[in-house]
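>>> no FASTA, just this:
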């Protein structure tokens, strides 16, 4: 398997029980990324389901997950011919870290949409016109596991010139040879820097709840991420992300509520 495949692998150890080893390189400063955690949770949900794809995941992040061993408990709530639903809980040191309600289904990669809205405007510039923030330190970390090329128009906060609009856009792929699938989409919907950075916010912006939907099986190649928000108030902000694949199809959507310290 690839680095990402290994890092999100789960091992069944009993009925509805799994083990995983959380990889600290998919996080920041000892806090594991929420999208990475959802990929792990979704793998357990799919393994326990007769269906192949996590079509809806609603995750509540109760505590900060740390690198190392974790237990996953899958509590089946409903199993049907077209969908199954489970409550998946990630536990570390006998403490609940994440609760996720996951609905699985089986999507046909050949299905054409009956109707689809227009792609987001503005479009992301070409890869060559975007900014690559490769750390190049060799010390690991999230930025060395993903290859992201950012639309410069949405990155003014890096130079102390936030745009005033909560938007960030980027191309995304994993650095190891791992083509996009359901679990890569779980990572992608939480891969962007917080959009409130363009409103002058600083520091960590922990996700409280995140819901994401898998809308189609992604084609190989780069994914286009379009992130935006609607309201920052009282230290709470929302962030929505659309993920479009190399074939120009909407393949994932997410919405989260998060906190900002400023």
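Yep, it's here. This one's a predicted model, so the numbers in the text were calculated from it and none came from an experiment.

>>> run the chain-centre distance for the helix or strand hosting residue 252.
Using DSSP states H and E, residue 252 sits within strand 250-259. Relative to its parent chain, strand 250-259 has a centroid offset of 8 Å by Cα atoms, centre = their mean, to the nearest Å.

>>> same check on stretch 218-227?
For stretch 218-227, the distance to the chain centre is 12 Å (Cα atoms, centre = their mean).

>>> got it, and stretch 246-254?
13 Å.

>>> got it, and stretch 13-22?
21 Å.

>>> output the lowest mean pLDDT helix or strand found in this protein.
Least confident element among the helices and strands of the chain, by mean pLDDT, DSSP states H and E: strand 27-28 (a mean of 88).

>>> so which strand or helix has the residue nearest to residue 56 when sequence neighbours are not counted?
With sequence-adjacent residues excluded and distances taken as Cβ to Cβ, 6 or more residues apart in numbering, residue 56 is closest to residue 103, at 4.2 Å. Bear in mind the C-beta positions are built from the backbone N, C-alpha and C, glycine included. For residue 103, the enclosing helix or strand under DSSP H and E is strand 95-105.

>>> each with direction, which strands does that strand pair with?
strand 53-61 (antiparallel), strand 84-92 (antiparallel) (DSSP bridges).

>>> among those strands, which is nearest residue 13?
With Cβ to Cβ, the closest approach to residue 13 among these belongs to strand 84-92: 12.6 Å.

>>> average pLDDT across the closest one?
In this model, strand 84-92 has an average pLDDT of 98.

>>> pull the residues that contact that strand.
37, 40-42, 44-45, 48-51, 65-66, 68-78, 96-105 (Cβ atoms under 8 Å, 6 or more residues apart in numbering).

>>> go again with 7 Å.
If you take Cβ atoms under 7 Å, 6 or more residues apart in numbering as the criterion, strand 84-92 is touched by 37, 41, 44-45, 48-51, 65-66, 70-78, 96-104.

>>> now do stretch 204-212
34, 38, 57-61, 186, 189-190, 194, 196, 252-261.

>>> buried ones in it?
205, 207, 210, 211, 212 (16 or more other Cβ atoms under 10 Å).

>>> just how off-centre is that stretch within its chain?
Mean-position distance between stretch 204-212 and its chain equals 10 Å (Cα atoms, centre = their mean).

>>> also stretch 203-223?
Distance, centroid of stretch 203-223 to centroid of chain: 4 Å (Cα atoms, centre = their mean).
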